[in-house]
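> fold the following and give me the result.
(one chain, ligands or ions: 1)
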Amino acid sequence: MYGMVNSAIMDLIVATHGEETWQQVKLKAGVEDEIFISNEAYPDEMTYKLVGAASEVLNQPAGEILIQFGRWWVLDTALNNYGHLMKYGGRTLGEFLNNLPNFHTRVVMMFPALQPPTFECSDMGPNELRLHYRSHRRGLSAFVVGLLEGLGEMFKVQVTITHEEQLDQGADHDIFHVAWSEV
Ligand code: HEM
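Okay, the predicted model is just below:
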């Protein structure tokens, strides 16, 4: 994954637990880089190792870390660095999720080696839909939950996410029912 992903993990851990904890996470992960170059591709394995090491050092399940990371990605990384892309994604959560299938197409223009996941929407209602998530990577569905929570916060709505079908439990792909209401 592009370096910006590892960089965002670093920012999250430094912001929430401090520099010393980040150094411990890196040591445990066997990562020696002092910085990550945003637009350079790094092996996926490095990102997985950082999440695994953070889970051990912080004594929290990896799923929890991924949820926090998803929220951080939307509310900090994306809004601060790619605000224009987020803005054009839509004016409401419903609009944004409807546009999500095409979202990374714009990101690919900036980062041509991107290997993004694919999203599809079905069963759309005024305040709900089903989001279908597919990726060649495994184990990142908790990250999607965190992203959806972050988007809810961004649009100032209360979001309820139900992970209805799980690839890890034999389903064809992950399906999330997403419902929202004004706070
Ligand atoms: C401007 C905002 C965004 C940027 C710049 C961005 C960019 C990226 C990058 C660089 C990766 C790593 C993949 C790679 O390097 O090959 C990634 C992965 C991912 N992105 Fe985005 N993204 C953005 C917003 C979003 C949003 C809003 C969602 C969904 C709600 C999303 C869902 C994901 C997921 C689930 C992955 C994990 C990779 C996988 O499942 O295979 N991203 N994105």
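> just the strands from the protein, written as ranges.
118-125, 128-134, 157-165, 174-182 (DSSP state E).
> domain assignment for this structure?
Following the assignment in automatic domain parsing, the chain carries domains at 3-60, 67-182.
> which one of the ones you listed lies closest to the ligand?
Among these, the nearest to the ligand by C-beta to the nearest ligand atom is domain 67-182 (3.3 Å). Where C-beta positions appear, they are placed from N, C-alpha and C, glycine not excepted.
> can I get the strands of the chain in CSV including distance to the ligand, mean neighbour count and mean pLDDT?
Listed next are these as CSV, based on distance: least, C-beta to the nearest ligand atom, whole Å; neighbours: other C-beta atoms under 10 Å; pLDDT from 0 to 100:
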stretch, distance to the ligand, mean neighbour count, mean pLDDT
strand 118-125, 7, 13, 98
strand 128-134, 7, 18, 98
strand 157-165, 11, 14, 98
strand 174-182, 10, 17, 96
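> can you redo the ones you listed as JSON lines with distance to His17?
Listed next are these as JSON lines, based on distance: least, C-beta to C-beta, whole Å:
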{"stretch": "strand 118-125", "distance to His17": "31"}
{"stretch": "strand 128-134", "distance to His17": "29"}
{"stretch": "strand 157-165", "distance to His17": "26"}
{"stretch": "strand 174-182", "distance to His17": "28"}
